[in-house]
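Trainee: fold the following, please.
(2 chains)
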Amino acid sequence: MTTRPTMIEFQDVHKYYGDYHALRGINATIKAGEFFSLLGPSGCGKTTLLRTIAGFEDISSGAVMIDGKHMEHVPANQRPTNMVFQSYAIFPHLTVEQNVGFGLRREAGTTEEKARRVEEALEMVNLKGYGRRAAHALSGGQRQRVALARALILKPKVLLLDEPLSALDKKMREQMQVELIKLQRQVGITFVLVTHDQEEALVMSDRIAVMFEGEILQLAEPEVLYRRPNSRQVAEFIGVMNFLPAFVLGEAGDTVQLEVAGLGRVDIEAAQSTGRATDGTVSVGFRPETLTILYDGQKAMDRETPGTIEEVVYYGDMTYYDVRLDGVEKVVRISMRNVFGRPVLEYGSRTRVAWSAGALVLFR
Amino acid sequence: MAKANRWRRMTRTEAFSGYMLVSPTALYALLLLAAPLATIVAFSFFKDGYLTVIHEFTLQNYIDTWSDEVFRAILTRSLFVSGMVTLTTVLIAFPIAYYISFNVSPAMKSRWLFLITIPFWTSYLIRVFLWKVILGFNGVINSSLDIVGLIDQPLNMLNNVQAIVVTLAHAYAPFAILPIFVALEKIDRSLLEAGQDLGESRLMTFWRVTLPLAMPGVVAAVLIVFIPTIGDYVTPQLIGGGKVPMVANLIQARMLDLDNKPMGSAIAVSAMAIVTLVSLVFLFLNRRFLRVQK
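Mentor: Reported below is the predicted structural model:
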C-alpha cells in the first residue's frame, strides 16, 4: 500500500466564492487504487474539493493534478474521472440500460459490444435483468446502483462519490458500505468519497482527510485518526472522546510528566503528545472503550481511579456509563461490552475505573 | 329524523364540499360555454331559411362547406398561418426561457418573468394596431429606411400572411415562454453535470438531456399558441386588411354578413374538429416524449 503511485495531487489549492474562502490551501496526495475519504461537517469544503477533481469547480489558485497531468484547462467531460452524484442524477427520460450506457456513445465498439458492456456493468452492481426498466421506477438503493454502474462502465481512473449513502436508510447504508468496499477491491480504481458520517469514513476508507472550514486538519489511516487525533476538533468529530484538564510538569527525553485532574500523576510517551489544543488549554483525551469499570474483586492491570456512576445508557450489546471521577467536575463516558453473567450497574453506585497511561492523548 | 341525519352526513363529505366549490364555475361554464356550443352544433344540422333557421335535420351544410373551395383554401391558410406562428413563437421562446432558467440568478428570475408579462398590460387590440403603425406605409420601418435612403418607394409589409405571422408571434410569445421555462426549471441541474461527467460536451448534453426533458413544456407551448391563433379574428382583419381572411373571418361573414347561421355553424364545427385533431396528435406526441423510450 505504501509504494502505490500518486493518482491525485492537490498543490496549495484555494477557492474563493466572492469574499468567501471555501478552500484554504489544500495540499494532499491520493494514491492509485486507494479508497480515500473527505470527511467533515457540512460547509467544510469537502464537496467543493471533490468537484475540483471532477472539473465542475474552477480553483482560484494552486493546482490539481490527476495521474500526473495538470487539470487546469481540462473540462469535466475530458477528465479521467466519473462521479456518483448525491442525488444520483439518473436521467428520468431513459431506461436503466440507456442510463448505464449513456457515456458509451463516444467510445469505440459495435452496438452489440456496448450492450454486452452494459449487461456486465449491471451484473457487477447486482441489477441483472433490470435493464429495460424505467429509471423513475427504481428504489433509492437501485438508483444508486445504476449511478455506480453508469460511472464504472467508462473505466475511469478515479471514481468520485458525493455522499452516496446519505439518502439511504441505516440497514441499506451498512449493506452498501460493504458492497462498495468489495466493488472497489474488485475494480481496483481509486475511489474518493465525500461524507459527513465519521463511522462511514472509518468503515470504508484506506485513508481519511478530515476537513474543517476549508482546511485539511488531519490526513491519516482510520486507526491513526481514531487513536491519535492531532487536534481536539478531529477528536471530537470522530467518535466520542473524553477530555480532562491537565498540566505539564516536565519533559525528560521521550517521557512527558503530567498532572491530570482526577487521574493524578501520569507519565506518557512523547509520541502520545500529538494533539493540538485550539483554545490554548492543555488536556488529555481518551476514548470510552479504553476505560474499564472494575467489578468487585477485579484488579486493574495498570492504574485505577474511584468514581460515581452518574448515568447508565443501555444499548443491548453495549452499556455506556457516565462516571464522575473523584475530584473532577466533568463526567467521563465509559463504554462496556455486555458480557454474559456481568450485570449492568445502576446509576448512583460507587465504582472503580481502570485505565492505562498508554491510551491517553495529550492536547497542548 | 333519519332523513335529516342522512342529509347532514352527506353535506359533510369531502365530495360534497368539492362539488360546492366547483359549482359556481361549473354552472357558469355550463350556461355560457356548453350551451352556446351545443346551439352551434345543433344549428349546423338545421336548414337555412331566409332570416330564419328551419328546424329540420340536414347534412347539406357540411357537404356544402367541405365542397367549397374557398373554405378549403381559407382553412389551409389558417392551418399554415397558425403553424408558422407556432413554429416562430416556440423558436423565439425557447432561447428566452432557457436564458431565464439557466443564466438569470434565482433572485432575478421573477423580475424577468414580470417583464415578460408587461405586454399584457395593454389590450390585444392596441398591440395589433401597434404593428400596423410599425409595418404601415408611413410606418416606423418604412420612414426609417426612407430617411437612411435605402428605399425610394415604401415597402408593402401589411395585408399579407407574413405580417399576420409576425403580429401573432409577438402577441403569443409570453404564452410559449412560460411553459417552456417551467419545464426547464424542473430539470435537476446535476443531470446536466452528469451528462458532462459522462463525457458529453455542453452541446451534446443539451441535445441528449436538456431538450428531451424540456419537451413537455415545448408541446404545451405548441398547443397554447396553436389553438387560439387558428381561430384568431382580429389580426387577419386589421393586419391582413381583410385581404387574407382566416377561418374566424369566414365564420363571421357567413353568420352575420350573409346571415346564414347553419352554414356558419357548420364551418365553426368543422374548424373545431380540425383543431381537436391536431391537438390530439400533439398530446399523443407528448405522451411519447414523457414515456421512456424502449
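Trainee: so where's the chain shaky on pLDDT?
Mentor: Assuming you mean chain A. Counting by pLDDT under 70, chain A contains low-confidence residues at A:1-2, A:278.
Trainee: ah, I was thinking of chain B
Mentor: Counting by pLDDT under 70, the low-confidence segments of chain B come to B:1, B:289-294.
Trainee: what about the residue in the stretch 1-150 of chain B that chain A sits nearest to, how many residues close to it?
Mentor: Relative to chain A, the nearest point of the stretch 1-150 of chain B is residue B:105 (12.9 Å; C-beta to the nearest C-beta). C-beta: built from backbone N, CA, C; applies to glycine. For residue B:105, the neighbour count with other C-beta atoms under 10 Å in any protein chain shown is 8.
Trainee: also residue A:87?
Mentor: The number of residues packed around residue A:87, counting by other C-beta under 10 Å, is 15.
Trainee: what does residue A:119 give?
Mentor: If we define neighbours as other C-beta under 10 Å, then residue A:119 has 16 of them.
Trainee: so how many other residues sit close to residue B:3?
Mentor: For residue B:3, the tally of surrounding residues (other C-beta under 10 Å) stands at 7.
Trainee: residue contacts, it?
Mentor: With contact set as C-beta atoms under 8 Å, 6 or more residues apart in numbering or on different chains, residue B:3 has no partners.
Trainee: past the helix or strand containing it, which element shows up next along the chain?
Mentor: In this structure, residue B:3 sits in helix B:2-11 according to DSSP states H and E. Downstream of helix B:2-11, the next assigned helix or strand under DSSP H and E is helix B:14-29.
Trainee: which parts of that next one are buried?
Mentor: Along helix B:14-29, no position meets the burial threshold by neighbour count (16 or more other C-beta atoms under 10 Å in any protein chain shown).
Trainee: relative to helix B:2-11, how tilted is that helix?
Mentor: 70 degrees (axes from the mean of the first three to the mean of the last three C-alpha atoms, to 10 degrees).
Trainee: which outside residues touch helix B:14-29?
Mentor: Contacts with helix B:14-29, where a contact means C-beta under 8 Å, 6+ apart, come from residue B:10.
Trainee: now it: how far from the chain's centre is it?
Mentor: Between the mean C-alpha point of helix B:14-29 and the mean C-alpha point of its chain there is a distance of 27 Å (C-alpha atoms, centre = their mean, to the nearest Å).
Trainee: ditto for stretch A:308-324
Mentor: Average the C-alpha atoms of stretch A:308-324, do the same for its chain, and the two points are 26 Å apart (C-alpha atoms, centre = their mean).
Trainee: ok, and what's touching it?
Mentor: Contacts of stretch A:308-324 (C-beta under 8 Å, 6+ apart): A:288, A:293, A:307, A:326, A:330-338, A:344-351, A:353.
Trainee: can I get the buried part of those as one ChimeraX selection?
Mentor: A single ChimeraX command is used to select the members of the contacts of stretch A:308-324 judged buried by 16+ other C-beta under 10 Å:
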select /A:288,293,307,331,332,333,334,335,336,345,351,353
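Trainee: so which of the contacts of stretch A:308-324 are in strands?
Mentor: Secondary structure assignment by DSSP state E places A:293, A:307, A:331, A:332, A:333, A:334, A:335, A:336, A:337, A:350, A:351, A:353 of the contacts of stretch A:308-324 in strands.
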